[in-house]
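Colleague: return atomic coordinates for the entry below.
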Amino acid sequence: MSQARNINFIGQSGLFGVLSIVLVIGSWILIAGGNLKLGIDFAGGTEALVSLPASLEVSDKDLKSIAKSVGLESPEIVKYTFQSGEPRQGYFVRSVTQRGLIAEKGDRLRETLSAELGATLVKWDEKANTFTIADSLSAKYSSAIGGEVIGDRPQDQSITQAAKSLKESGVSVKEGVFTGNPVAKSAIVKAVGSAAIKMWDTSDESGERIRVQFYNRPDRGVLIRAATKAEIIGASVSAENETRSPVFAISADDSVRLRTALVSAFKSKLSDAALVTQIEVPRFEKVGATAGQQLRNKGILAVIYALIFILLYIALRFDPRYSPGAIIALLHDVSLTLGVFCLTGREFNLPIIAALLAIVGYSLNDTIVVYDRIRENQDEAAPGSTIRGIINASINDCLTRTILTSVTTFLAVLAIQTFGGGIIENFAFAMLVGVIAGTYSSIYIASPLVLMMDNYFEKRAAREAAIDEVLAQ
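Modeller: Modelled structure (predicted):
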């Protein structure tokens, strides 16, 4: 064993152990209090990257107002730096919740869709104030308006309800020709159109998709016209099945909506019309609340599985008394990193899970180096050496290597954190905290716990020996 350096790390471990307990408990109190700012990866929401001409004067207030106008609730604006030399400025527009198509345009879409469907089913004679209904439905509407029961199927019930509205509007029928009040024409058309809708599903968690089912297949152009009249920009329609009662999905292109709003707001501020083409939304990401919860749970499980396998590895590679120290040290490092994120208000997202796993790997590597030296020094220890002295000497032996490795890693990550910017900044920040915590825990958490576990095993062995001696008498 090298005796060139003899800092009493184990003697200081009690003080630092109490400090670590306080910091870890404080970190978990902050987390339990909801101070961990979850990104859209975990909380759900939207994140758009907006690219604007460098000459355009724009404020966070302007961007927030535009974001709210397209349905992004409580938006946050974060400056984004493009590669040097590019004549443009960038911003992240983030919204944890979004209203989008369903809350903002859903009711209007149903109105316009009912009107469009009714217009295809109702043929109005303006001069005579009469109208006819498509042949397949005419007889049923005639019977329902006359007070007859036409059936108990869902479509029949829809027609009965529509016929009731028609009758209340003063509609009468004779030989398949309906007479109505021209003032109530729009209401008549909507009533017939609404009865043609079998299912209206707005449960899509992203807030940008409505599923609608019809009793009979409509022309796709009807859906496009309805979306256009409802002022849904960038609307698209897709068929989910080809049955007699088809289901269509109507969705909106969020990036198109946001870009249209940006162009409308800033066009007058640009002297050169060519600069308008530089207003872009190169990226628009959206995560639903359920998907975010699944990602969060999987991220937590990834860390837990890593700790379990590390526990098994340390137990097999060294000795069971080494494992608790390694795991507690890793939990300490992860907890402190999360606590710092709570205090600084930085966003916790999926890349930070990757950073936590990297921290676990870095800290474990440092701990294993110290553990390996402890085991070597135990094998070479002179008679009368204590485990306390062996552990202290082993930490001193590895100190130069630990400092060089930690400082080198810290400087490299600091450069990334300082000059990287953008998405990688928070990842690098987590690594900075993790490098400091990992180096500290290898010395003051993992190693002293080996001493505690060794004392525990010795006391247990002494008790067992005493019991055996009593039983043998």
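Colleague: from here on, just use CA atoms for contacts and neighbour counts.
Modeller: Fine.
Colleague: where are the low-confidence patches of the stretch 151-300 of the chain?
Modeller: 204-208, 233-234, 288-292 (pLDDT under 70).
Colleague: give me the below-cutoff pLDDT ranges for the stretch 301-450 of the chain.
Modeller: Using pLDDT under 70, the flagged stretches of the stretch 301-450 of the chain are 421-423.
Colleague: contacts only, for Phe248.
Modeller: Phe248 is in contact with Arg211, Val212, Gln213, Val237, Ser238, Ala239, Glu240, Asn241, counting by CA atoms under 8 Å, 6 or more residues apart in numbering.
Colleague: isn't Phe429 up against Gln417?
Modeller: Yes: assessed by CA atoms under 8 Å, Phe429 is found in contact with Gln417 at 6.1 Å.
Colleague: helices or strands next to the longest helix anywhere in the chain in the packing?
Modeller: What stands out as the longest helix in the chain, according to DSSP state H, is helix 387-419. Packing partners of helix 387-419 (3 or more CA pairs under 8 Å, 6 or more residues apart in numbering; DSSP states H and E): helix 9-32, helix 350-380, helix 424-441, helix 447-472.
Colleague: tell me the most buried of those helices?
Modeller: Across the helices and strands packed on helix 387-419, the average number of neighbours (mean count of other CA atoms under 10 Å) peaks for helix 424-441, which reaches a mean of 22.
Colleague: what angle do that helix and helix 447-472 make?
Modeller: 50 degrees (axes from the mean of the first three to the mean of the last three CA atoms, to 10 degrees).
Colleague: show me what helix 424-441 is packed against.
Modeller: Looks like helix 424-441 contacts helix 323-344, helix 350-380, helix 387-419 (3+ CA pairs under 8 Å, 6+ apart).
Colleague: could those go into TSV alongside distance to Gly106?
Modeller: Formatted as TSV, those follow (distance: least, CA to CA, whole Å):
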stretch	distance to Gly106
helix 323-344	37
helix 350-380	32
helix 387-419	43
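Colleague: these: which one's closest to Gly71?
Modeller: Counting by CA to CA, Gly71 lies closest to helix 350-380 out of the helices and strands packed on helix 424-441; the figure is 24.8 Å.
Colleague: in what helix or strand does Gln89 lie?
Modeller: Assigned by DSSP states H and E, Gln89 belongs to strand 88-95.
Colleague: so what are the sheet partners of that strand and their directions?
Modeller: strand 45-53 (antiparallel), strand 76-80 (antiparallel) (DSSP bridges).
Colleague: now the longest one, how far from the centre of its chain.
Modeller: Put simply, strand 45-53 sits 16 Å off its chain's centre (CA atoms, centre = their mean, to the nearest Å).
Colleague: state the mean pLDDT of it.
Modeller: For strand 45-53, mean pLDDT rounds to 85.
Colleague: follow-up on the earlier one: out of the contacts of Phe248, which is most surrounded?
Modeller: With neighbours defined as other CA atoms under 10 Å, the most crowded of those is Gln213; it has 21 neighbours.
Colleague: still on that earlier bit, right, so of the strands paired with strand 88-95, which gets closest to Pro154?
Modeller: Nearest to Pro154, of all the strands paired with strand 88-95, is strand 45-53, at 36.3 Å by CA to CA.
Colleague: how about that closest one: buried residues?
Modeller: Neighbour-count burial for strand 45-53 flags Gly45, Thr46, Glu47, Ala48, Leu49, Val50, Ser51, Leu52, Pro53 (criterion: 16 or more other CA atoms under 10 Å).
Colleague: one more: stretch 77-84?
Modeller: In stretch 77-84, counting by 16+ other CA under 10 Å, buried: Ile77, Tyr80.
Colleague: correct me, but Ile250 touches Ile210?
Modeller: Yes: at 5.3 Å, Ile250 counts as touching Ile210 under the criterion of CA under 8 Å.
Colleague: from what I can see Ser335 touches Leu30, true?
Modeller: No: counting by CA under 8 Å, Ser335 does not reach Leu30; the two are 10.4 Å apart.
Colleague: list the contacts of the closest residue to Leu109 other than its chain neighbours.
Modeller: Leaving aside its chain neighbours, Leu109 sits nearest to Ala230 (5.2 Å; criterion: CA to CA, 6 or more residues apart in numbering). Ala230 makes contact with Lys105, Arg108, Leu109, Thr112, according to CA under 8 Å, 6+ apart.
Colleague: and Gln378, by the same measure?
Modeller: Ile387, Ile390.
Colleague: of all the contacts of Ala230, which two lie farthest apart?
Modeller: Lys105 and Thr112 (10.4 Å).
Colleague: what about these two, which has more around it?
Modeller: Thr112 (21 against 17).
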